[in-house]
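Engineer: Give me a 3D structure for the following:
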Amino acid sequence: MKPMGAIPLEFQSLPLTIGGRSVDELLMSSPLFVYDTAIVRNRVAQFRAAFPGIDLHYAVKANPFAPLLAAIAPLVDGFDVASAGELARVVDLDKAVSFAGPGKADAELDAAIAAGITINLESENEADRALAIADRCGAVPRLAVRVNPEFELRGSGMRMGGRASPFGIDAERVPALVKRILAAGAEWRGFHIFAGSQALDSAAIIDSQAHTLDLAVRLAEAAGAPPPLVNLGGGFGIPYFPGERALDIEAIGAALAPRLSALPDTRFAIELGRWLVGEAGVYLTRIIDRKESRGEIFLVCDGGLNHQLAATGNLGTVVRRNYPIAVATAPPDAKRETVSVVGPLCTPLDRLADQVDLPRASPGDVIAIFMAGAYGLTASPWEFLGHSRPGEILV
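Structural biologist: Here you go, the predicted model:
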């Protein structure tokens, strides 16, 4: 038997309910992603209490489901997008929007300038193209500079600083670009400094934010202009796997607050995706077969890595570990057994859980994969092998 991550507190009672509704009531067709808005609201409230006066931006790439975006819009101060497709999903939600990403096409820059949103420039060449497009259409572009810092976020699942990178402009070249943006008559919107993601070490995030603020002060002095906004990035992780613990954001907020006076005329934002929505999502998939092979039990489901690539360990995970999982329809006193849970695809990579302890289950029962609210369906190859697209609902 192998361990699995801890089921979020909101879902630890069986049979499972989500948003006060039973799985049988929710699962009109299988598979299905369900997102609980109450959990998202609770995360936002926790952030507001820990970071008073700091703007909260939602990173749309974490989950771009349209009803979820509409529910989040009144709760946050802005959206951060990474493509024209994401921009189209939020442009009418009446929030500040910024656009990051190292490969913005001219058509995307044109759309961003026309919409009046902030472009986080990733290179000097991108700045030249944005200024030329704005000049042709007679617009004043809103331009921020994404900085590639000389430091990284220690312990992050995806490090995005402290090295050569396609993301952002090396810090030492930023002041010259800011001066050029100002000289061109563009509206300079500040800095975006993102050092890493999926960190669960509050001390590492505190250290990274301190370095970020020091860097922002140095860049502002060298450029000769205070930044209107500094996006401090995010990096807040959630505990997917055995032994991981929830991040202490109260400690992070307490350490950050006294440092903000270093730039008294600047607003600050923190950009979060998975921390806001990851634990709010549950992926439900029905068991279609139960089989034994060489003494092992396999529960074969109607969905797998084609919908939940991350849970199978195939989305950036070096060592495969088990996400939290449950038999959603099991009674509390069900007899338990060691099983592996797999999807319907013709590949051994399609394994949702490996040798885990679960209540005994049969065809027709429902498996719940937790931590499914971020980087789920849109980060998975849902057309692979031609299986149907799963449903998504908000409760």
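Engineer: give me the low-pLDDT residue ranges for the chain?
Structural biologist: Across the chain, residues meeting the criterion (pLDDT under 70) sit at 151-164.
Engineer: next one: stretch 238-255 to chain centre, how far?
Structural biologist: Distance of stretch 238-255 from its chain centroid, counting by C-alpha atoms, centre = their mean, to the nearest Å, is 15 Å.
Engineer: And it, what's buried?
Structural biologist: Neighbour-count burial for stretch 238-255, counted by 16 or more other C-beta atoms under 10 Å, picks out 238-241, 246-249, 252-253, 255. C-beta here means a position set from N, CA and C on the backbone, and glycine is covered the same way.
Engineer: again with stretch 25-39
Structural biologist: Buried positions in stretch 25-39, judged by neighbour count with 16+ other C-beta under 10 Å: 26-27, 30-37, 39.
Engineer: ok, the longest strand seen in the chain: who's next to it in the sheet?
Structural biologist: Assignment by DSSP state E gives strand 281-293 as the longest strand of the chain. Taking DSSP bridges as the criterion, strand 281-293 forms sheet pairs with strand 32-35 (antiparallel), strand 296-301 (antiparallel), strand 366-369 (antiparallel).
Engineer: about what we covered before: just the ones in strands from the buried residues of stretch 238-255, please.
Structural biologist: Those of those lying in strands (DSSP E): none at all.
Engineer: Out of those, name the ones that lie in helices.
Structural biologist: Using DSSP state H, the members of the buried residues of stretch 238-255 that fall within helices are 249, 252-253, 255.
Engineer: Where do the strands of the stretch 201-350 of the chain begin and end?
Structural biologist: Secondary structure of the stretch 201-350 of the chain by DSSP state E, counting those that start in this stretch: the strands cover 229-231, 267-272, 281-293, 296-301, 325-327, 336-342.
Engineer: Redo those as CSV? Include mean neighbour count.
Structural biologist: Listed next are the strands of the stretch 201-350 of the chain as CSV, based on neighbours: other C-beta atoms under 10 Å:
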stretch, mean neighbour count
strand 229-231, 26
strand 267-272, 23
strand 281-293, 19
strand 296-301, 18
strand 325-327, 23
strand 336-342, 18
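Engineer: Dump these to a markdown table, plus distance to Ala222.
Structural biologist: Listed next are the strands of the stretch 201-350 of the chain as a markdown table, based on distance: least, C-beta to C-beta, whole Å:
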| stretch | distance to Ala222 |
| --- | --- |
| strand 229-231 | 15 |
| strand 267-272 | 20 |
| strand 281-293 | 43 |
| strand 296-301 | 56 |
| strand 325-327 | 51 |
| strand 336-342 | 54 |
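Engineer: in the stretch 51-200 of the chain, which spans are helices?
Structural biologist: 66-72, 84-90, 106-115, 124-137, 174-183 (DSSP state H, counting those that start in this stretch).
Engineer: for the third one, packing partners?
Structural biologist: Counting contacts by 3 or more C-beta pairs under 8 Å, 6 or more residues apart in numbering; DSSP states H and E, the secondary-structure elements packed against helix 106-115 are helix 84-90, strand 96-99, strand 118-121, helix 124-137.
Engineer: how about 10 Å then?
Structural biologist: Other helices and strands packing on helix 106-115, by 3 or more C-beta pairs under 10 Å, 6 or more residues apart in numbering; DSSP states H and E, are helix 84-90, strand 96-99, strand 118-121, helix 124-137, strand 142-148.
Engineer: Tell me how many other residues surround Gln46.
Structural biologist: Per other C-beta atoms under 10 Å, the neighbour tally for Gln46 reads 15.
Engineer: Report the spatially closest residue to it, excluding sequence-adjacent ones.
Structural biologist: Ile249 (6.7 Å; C-beta to C-beta, 6 or more residues apart in numbering).
Engineer: tell me how far the ends of stretch 182-195 are from each other?
Structural biologist: Stretch 182-195 has an end-to-end distance of 26 Å (criterion: C-alpha to C-alpha, to the nearest Å).
Engineer: can you pull the buried residues of stretch 360-371?
Structural biologist: Of the residues in stretch 360-371, those buried (16+ other C-beta under 10 Å) are 361, 365-371.
Engineer: For the residues you listed, give me TSV that also has distance to Pro15.
Structural biologist: Output for those, formatted as TSV (distance: C-beta to C-beta, whole Å):
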residue	distance to Pro15
Ala361	12
Asp365	10
Val366	9
Ile367	13
Ala368	10
Ile369	16
Phe370	15
Met371	20
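Engineer: Among those residues, which one sits closest to Ala107?
Structural biologist: Ala107 lies nearest to Met371 out of the buried residues of stretch 360-371, by C-beta to C-beta, at 35.3 Å.
Engineer: Wait, Ala132 touches Leu109, no?
Structural biologist: Yes - Ala132 is in contact with Leu109 according to C-beta atoms under 10 Å; the separation is 9.3 Å.
Engineer: Counting neighbours, go ahead and name the busier of the two.
Structural biologist: More neighbours surround Leu109 than the other of Ala132 and Leu109, with 22 against 11 (other C-beta under 10 Å).
Engineer: In contact with that one, which residues?
Structural biologist: Taking C-beta atoms under 10 Å, 6 or more residues apart in numbering, we find Leu109 in contact with 84, 99, 119, 121, 126, 129-134, 141.
Engineer: just Ala84 next, same as before
Structural biologist: By C-beta under 10 Å, 6+ apart, the contact list for Ala84 reads 91, 99, 101, 104-105, 107-112, 115.
Engineer: List only buried entries from those.
Structural biologist: With burial judged by 16+ other C-beta under 10 Å, the buried subset of the contacts of Ala84 is 91, 99, 101, 104, 108-112, 115.
Engineer: Return the member of those residues nearest to Arg336.
Structural biologist: Using C-beta to C-beta, those come closest to Arg336 at Gly101, 46.0 Å.
Engineer: Excluding residues flanking it in the chain, which one is nearest that closest one?
Structural biologist: Nearest non-adjacent residue to Gly101, counting by C-beta to C-beta, 6+ apart: Ala82, 4.3 Å away.
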